[in-house]
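**Student:** here is my input; please provide its structure:
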Amino acid sequence: MLLLRDLNRLPTAARGGAVSIGNFDGVHCGHAKLVERLRRRADEVGGPAVVFTFDPHPATLLRPDRAPTPLTWMERRADLLAKAGADVLLACPTTHDLLALSPQEFFDRAIAGALDAKALIEGPNFYFGKDRAGDVKTLRSLCDERGIALEILDAAVSEGETISSSRIRRLLSAGAVGEAAALLTEPYRIRGRVVSGERRGRNLGFPTANLDEIDTLVPGDGIYAGRFVWPGGERATAIHVGPNITFGESVRKIECHLVDFKGDLYGAPAEVTFLARLREVQPFPSAERLIEALHADVARTREIVTMTSD
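**Tutor:** Residues are numbered from 1 along each chain as shown. Next up, the predicted model:
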């Protein structure tokens, strides 16, 4: 997989193939369906399967108060798209000049020009150019003029509702990581860095790695089972998202108890995968009752991670 970031300096390996343009945030099953068709079309035209996206999301510049929180960082997006069949991810830097291009200008500069596309694969709700003035009908007209093949795929649907990044954000925000995973190509993952905490978990016999510097959506408050990966290691982990209300705290935290692990991870970069929600964050009347709950959380985490590893 090539991860490229400059529309004006594309290597030959990124030109003359099949292209799909969109945000592809999260890389859900609808995206995978589109990339699967993109892969086949690229093979037919004898070129690369290229995904063109914007970094950051255009709404970050146009409507910053309503910009969606990302589901994936770009390297993660590239990895997931590669597994789906893409050869190239062009993460084009989003600028006001780029967003000011008319549909015709964007098509000429990016699609027909820089990418030298031979085929395009898009979904039915595709818009492009300044103020989203170009739609599928506009795109078809421009493709016909240039002799570029265009295929519009139906939206992917699950349980009667379109699979979309916004739907997945709603599920994750509600803590429904299992339901979100059913729509994603892989269970949801965040990344961050291990930072120092209050060390209460250590005093209770359940030391935690506290995660900070997170640049994607954090699932809703709750206790989760998942996996914790850092350079050189991986462990099952019980994840606490939310405040420590038993101790009267109100600050939202991400604390991970690594099962069967002893060591110091302070400062290490880490990725955490959410596999299942175990329970709500709740206050306990005593440290003893909290410890009982933590033992149950760890036992359930070990069971879930073992099941998903088979």
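
**Student:** the strands in the stretch 101-250 of the chain, which residues?
**Tutor:** 119-122, 149-152, 157-158, 161-162, 189-195, 209-212, 222-230, 233-242 (DSSP state E, counting those that start in this stretch).

**Student:** could I get those strands as a markdown table with distance to Phe24, mean pLDDT and mean neighbour count?
**Tutor:** For every residue, glycine as well, the C-beta is placed using N, CA and C. As requested, the strands of the stretch 101-250 of the chain are exported to a markdown table (distance: least, CB to CB, whole Å; pLDDT from 0 to 100; neighbours: other CB atoms under 10 Å):
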| stretch | distance to Phe24 | mean pLDDT | mean neighbour count |
| --- | --- | --- | --- |
| strand 119-122 | 12 | 98 | 23 |
| strand 149-152 | 17 | 98 | 15 |
| strand 157-158 | 18 | 97 | 12 |
| strand 161-162 | 15 | 97 | 12 |
| strand 189-195 | 15 | 97 | 20 |
| strand 209-212 | 25 | 96 | 21 |
| strand 222-230 | 23 | 98 | 23 |
| strand 233-242 | 25 | 97 | 22 |
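
**Student:** make TSV from those strands and add distance to Ala14 to it.
**Tutor:** Formatted as TSV, the strands of the stretch 101-250 of the chain follow (distance: least, CB to CB, whole Å):
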stretch	distance to Ala14
strand 119-122	14
strand 149-152	18
strand 157-158	32
strand 161-162	30
strand 189-195	26
strand 209-212	34
strand 222-230	30
strand 233-242	33
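
**Student:** identify whichever of the ones you listed lies nearest to Leu61.
**Tutor:** strand 119-122 (22.3 Å; CB to CB).

**Student:** show me where the chain dips below the pLDDT cut-off.
**Tutor:** Applying pLDDT under 70 to the chain flags the ranges 199-203, 310.

**Student:** what do you get if the cut-off is 90, keeping everything else the same?
**Tutor:** The chain contains residues with pLDDT under 90 at 196-205, 232, 244-250, 263-264, 286-287, 308-310.

**Student:** Asp97 belongs to a helix?
**Tutor:** Yes: Asp97 forms part of a helix when assessed by DSSP: H, G, I helix; E, B strand; the rest coil.

**Student:** helices of the stretch 101-250 of the chain, residue ranges please.
**Tutor:** Along the stretch 101-250 of the chain, the segments classed as helices by DSSP state H, counting those that start in this stretch run 103-106, 136-146, 165-173, 177-183, 200-204.

**Student:** for Thr273, grab the count of nearby residues.
**Tutor:** For Thr273, the count of nearby residues is 22 (other CB atoms under 10 Å).

**Student:** may I have the beta-bridge partners of it?
**Tutor:** Arg189, Arg227 (DSSP bridges).

**Student:** and it, how far from Val281?
**Tutor:** 20 Å (CB to CB, to the nearest Å).

**Student:** state which helix of the chain is the longest.
**Tutor:** Assignment by DSSP state H gives helix 287-309 as the longest helix of the chain.

**Student:** pull the residues that contact that helix.
**Tutor:** Contact partners of helix 287-309, identified using CB atoms under 8 Å, 6 or more residues apart in numbering, comprise 204-206, 223, 225-227, 236-238, 246, 257, 259, 275-276, 278-279, 284.

**Student:** quick one: contacts for Ile148?
**Tutor:** Ile148 sits next to 111-112, 117-120, 142 when contact means CB under 8 Å, 6+ apart.

**Student:** contacting residues for Arg63?
**Tutor:** So Arg63 contacts nothing (CB under 8 Å, 6+ apart).
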